[in-house]
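S.K.: Quick one, fold the following:
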Amino acid sequence: MKKILVIIILVLCGLSTAAWAAEKNMKHMPEGMRAKKEFLASLNLTDAQKKDLAALKLENEKRGIALRAKAETAKLELHELLMADAPDHTAIEKMMAELIKTETDIRMNKIDGWFAANKMLTADQQKIWIKALRVGTMQAMGGKNKGMYRPMGEREPSRPDMK
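M.R.: Take a look at the predicted model:
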């Protein structure tokens with residue numbers, strides 16, 4: 001009986017310690033990582049969706065790595081062409097075109113991944129997903145109140161420094 005009581009107490013202590021550590025870790029996460037975790041939690045993904053999104057992310061990242069390696073190789077080859085004793089204009093132009101196409105493919109890989117993930121979501125989850133895209137775009141473009149991005153219909157916030 002005492003052994004069972006001790007085991008129960010140890011299990012409860014372990015669970016409370018684990019919960020406390022998880023909460024503490026969340027507070028010490030970088031802001032972006034915490035926001036990402038909160039965003040993913042707000043989607044209320046099913047286990048199947050989590051599995052499918054993880055598989056999609058893995059494939060998308062693999063493709064991204066391959067594309068970035070191809071772009072870096074093209075940059076090296078372009079540098080070699082430019083440093084030649086007698087640079088070949090046609091070869092340089094061809095390599096530049098290949099590099100530009102690969103860099104476009106890198107960006108499209110991200111967009112294709114976004115659309116593929118969006119298709120896996122329900123209509124309500126897609127609304128949250130799109131809102132997060134808008135916020136991310138806004139932040140990438142220079143911040144919330146810099147006037148660079150506002151959803152249609154929203155007015156620019158009044159600024160006391162501009163009269």
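
S.K.: Quick one: mean pLDDT for the lengthiest helix in the chain?
M.R.: Of all segments of type helix in the chain, defined using DSSP state H, the longest is helix 47-82. In this model, helix 47-82 has an average pLDDT of 96.

S.K.: What of stretch 88-100?
M.R.: Mean pLDDT, computed over stretch 88-100, is 96.

S.K.: still on that earlier bit, which neighbouring elements make contact with the helix or strand following the longest helix of the chain?
M.R.: Along the chain past helix 47-82, the next helix or strand (assigned with DSSP states H and E) turns out to be helix 89-119. Where contact means 3 or more C-beta pairs under 8 Å, 6 or more residues apart in numbering; DSSP states H and E, helix 89-119 is packed against helix 47-82, helix 123-140. From N, CA and C alone the C-beta is placed, and that goes for glycine too.

S.K.: Any chance of TSV for these, columns distance to Glu98?
M.R.: Output for those, formatted as TSV (distance: least, C-beta to C-beta, whole Å):
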stretch	distance to Glu98
helix 47-82	5
helix 123-140	27
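
S.K.: Make CSV from those and add distance to Lys110 and mean neighbour count to it.
M.R.: Converted to CSV, the helices and strands packed on helix 89-119 look like this (distance: least, C-beta to C-beta, whole Å; neighbours: other C-beta atoms under 10 Å):
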stretch, distance to Lys110, mean neighbour count
helix 47-82, 7, 13
helix 123-140, 11, 13
